[in-house]
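Enquirer: predicted model follows, preceded by the sequence.
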Amino acid sequence: MRYAAPTSVDEARSLLVDNPGSRVFAGATDLIPQIRAGLPQPSVMVDLKRIERLTSVAHDGGVWTVGAATPTADLTANPEFTAMFPGLSEASGLIGSDQIQNRSSWGGNLCNASPAADSVPALVAAGAQVVIATDNGTRTAPVREIVTGPGQTSLADGEFVIEFTLTDPPAGTSDAYLRIIPRTEMDIAVVGAAVRLSLEGDTITAASVWLGAVAPTIVQVAEAEAALVGSTLDNGLINEDTLATMAEAASAACNPINDKRGTIEYRRQVAGVITKRAAAIAADRALNGASR
Amino acid sequence: MNRTHVSCTVNGDEVDFLTADGTSLLDALRDELGLTGVKEGCGTGDCGACSVLIDGKLNCSCLVFAPEAEGTEILTVEGIAEGDHLHPLQQTFLEGAALQCGICTPGFLVAAKALLDHNPDPSETEIRYALAGNLCRCTGYDKIIRSVHEAAVQLREVAK
């Protein structure tokens, strides 16, 4: 195994093309344990963190561009970003300890393709796109098209994510992310729920509801979105009927597994509960300004 | 396995070492530089016993490839004291009995220093969250949390 630290996207692309069995990494917080557990060693470990574009965060003309290897600690500590995307910021901040936060990245969280990745439902709810380096250029894709199953992505051999792009949320729009874990910190989601809502006055005009950790990939809860859109807040609160419909739809959308963190029944039940709670937080933020 | 020459600063000293590319920074610090204060607990980033600061940022050295250290400044528990003068965190850990077997202690000290470096007056909740990446199977944590709190008080007194 060889370590390489390219300083440009072109140099990284050449390393991947010239070395079959090579892999890119950012924090390696999942990759190193996987190698220790017996994953075949890559021929070349291509460290993306010395490429300036991969660790840069820019906000220009209503568009955020976030390098795929940017530590999530940099995002949660960014007050302007967190004010615009409070849900995405809180999801990013849930990935492991402070130690992990200084290494973990959106690019790694996405491409590791764990069904329980915390940032992914929130990125998709926020409409994030990725710019991907291909063998001869770049292409753009929505984040939701990258993960195809546990540990599986739609990226071709030699492709890697360069950066994420997000447009500023429209007025009256905000988001929230909640997850259930058996402990208070340092665990993997049993269920994660990301909700983004837009309000005009007291009426919800757009909604995006995504669940993590309850199926091989994240799942959209279209029925919950449909129930939210057109409903009217009552004293700032989503009405009970809408919440009940959402919870039922969220439970029904799950296709979970039994494991040590939770049974199928438990996951279905709590999916409904945290979807309601995340929607309530998103509605409150949308009503009272995106910043908490 | 390929070998790489690494130059970096560790606890204020410029150092050079040769390392196999797949070696963790943890193993390089212990085996190449003799800094055995850095401990291996889990080797998967869960326990924090291998915590070091890299360019001021808290990291698990088991999750860092040694060649990544090129050009960085690293602080391990060995660099926290000033000569024979213990850092207030080390003194309060001693006085508060914040350790029993001691394997986790270097990681806790480095993680607590990372917290106090940017938050001189943390609440108990903030201390507990900041140390959530460090596991201790002896103390039950309370004495650690109290010792960090006391060190913060002392550091604020010194800063006045």
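Expert: Noted; the coordinates are in hand.
Enquirer: give me the number of residues near the residue lying closest to B:C138 once chain neighbours are set aside?
Expert: Closest residue to B:C138 apart from its sequence neighbours, by C-beta to C-beta, 6 or more residues apart in numbering or on different chains: B:Q100 at 3.6 Å. All C-beta spots, glycine's among them, are computed from the backbone N, C-alpha and C. Each residue near B:Q100 was counted by other C-beta atoms under 10 Å in any protein chain shown, and the total is 14.
Enquirer: just checking, B:Q100 touches B:G140?
Expert: No - between B:Q100 and B:G140 there is no contact under C-beta atoms under 8 Å: 9.8 Å.
Enquirer: and stretch B:134-141, what's buried?
Expert: B:N134, B:L135, B:C136, B:T139, B:Y141 (16 or more other C-beta atoms under 10 Å in any protein chain shown).
Enquirer: most centrally placed residue in the chain?
Expert: Using chain A. Closest to where the C-alpha atoms of chain A average out (C-alpha atoms, centre = their mean) is A:V120, at 1.9 Å.
Enquirer: meant chain B, my bad for not saying
Expert: B:V110 (2.8 Å).
Enquirer: how far away is it from B:S61?
Expert: Using C-beta to C-beta, to the nearest Å, one gets 10 Å for the distance from B:V110 to B:S61.
Enquirer: so what sits against both of the two?
Expert: Taking C-beta atoms under 8 Å, 6 or more residues apart in numbering or on different chains as the contact rule, B:V110 and B:S61 both touch B:S51, B:V52.
Enquirer: show me what contacts the residue lying closest to A:N19 once chain neighbours are set aside?
Expert: Setting aside the residues directly before and after it, A:N19 is nearest to A:V44 in space (C-beta to C-beta, 6+ apart), at 4.5 Å. Shown in contact with A:V44 (C-beta under 8 Å, 6+ apart): A:M1, A:R2, A:Y3, A:A4, A:L15, A:N19, A:G21, A:S22, A:R23.
Enquirer: flag every residue of the stretch 51-200 of chain A that's near chain B.
Expert: With C-beta under 8 Å from any C-beta of the partner chain as the criterion, the stretch 51-200 of chain A meets chain B at residues A:P71, A:A73, A:G96, A:S97, A:D98, A:Q99, A:I100, A:N102, A:R103, A:T184, A:E185, A:M186.
Enquirer: show me which of those are buried.
Expert: Looks like these have A:P71, A:A73, A:G96, A:S97, A:D98, A:Q99, A:I100, A:N102, A:R103, A:M186 buried, using 16+ other C-beta under 10 Å.
Enquirer: return the residues in contact with the fourth one.
Expert: A:S97 is in contact with A:E185, A:M186, B:G45, B:G48, B:A132, B:G133, B:N134, counting by C-beta under 8 Å, 6+ apart.
Enquirer: next: the second one.
Expert: In this structure, A:A73 makes contact with A:D98, A:Q101, A:N102, B:K57, judged by C-beta under 8 Å, 6+ apart.
Enquirer: out of the residues you listed, which comes closest to A:N109?
Expert: A:Q101 (11.4 Å; C-beta to C-beta).
Enquirer: pretty sure that closest one is touching A:T76, no?
Expert: Yes - A:Q101 is in contact with A:T76 according to C-beta under 8 Å; the separation is 7.2 Å.
Enquirer: neighbour count: these two, which is higher?
Expert: Each of A:Q101 and A:T76 has its neighbours counted (other C-beta under 10 Å); A:Q101 has more, 25 against 19.
Enquirer: just give the nearest non-adjacent residue to the residue in the stretch 101-250 of chain A that chain B sits nearest to, would you?
Expert: Nearest to chain B, among the residues of the stretch 101-250 of chain A, is A:E185, at 3.9 Å (C-beta to the nearest C-beta). In space, A:E185 comes closest to B:A132 once its chain neighbours are excluded; the distance is 3.9 Å by C-beta to C-beta, 6+ apart.
Enquirer: look up phi and psi at the one you found.
Expert: phi -70, psi -20 (degrees, to the nearest 10).
Enquirer: list the contacts of it.
Expert: A:S97, A:D98, A:T184, A:E185, A:M186.
Enquirer: end-to-end on stretch A:119-137?
Expert: Terminal residues of stretch A:119-137 are spaced 26 Å apart (C-alpha to C-alpha, to the nearest Å).
Enquirer: up against chain A, what does chain B have?
Expert: B:1-2, B:4, B:21-22, B:24, B:43-46, B:48, B:51, B:54, B:57-60, B:62-65, B:67-68, B:70, B:111, B:114-115, B:129-130, B:132-134.
Enquirer: just the buried residues of those residues.
Expert: For the residues of chain B next to chain A, buried by 16+ other C-beta under 10 Å: B:4, B:21-22, B:24, B:43-46, B:48, B:51, B:54, B:57-60, B:62-65, B:67-68, B:111, B:114-115, B:129-130, B:132-134.
Enquirer: so, low pLDDT: which residues of the chain?
Expert: Went with chain A since none was named. Applying pLDDT under 70 to chain A flags the ranges A:290-292.
Enquirer: now it against chain B: closest residue?
Expert: Closest point on chain A to chain B, by C-beta to the nearest C-beta, is A:S97, at 2.3 Å.
Enquirer: kindly list the longest helix within the chain.
Expert: I'll assume chain A. helix A:264-287 (DSSP state H).
Enquirer: that was the other one, I meant chain B.
Expert: helix B:142-159.
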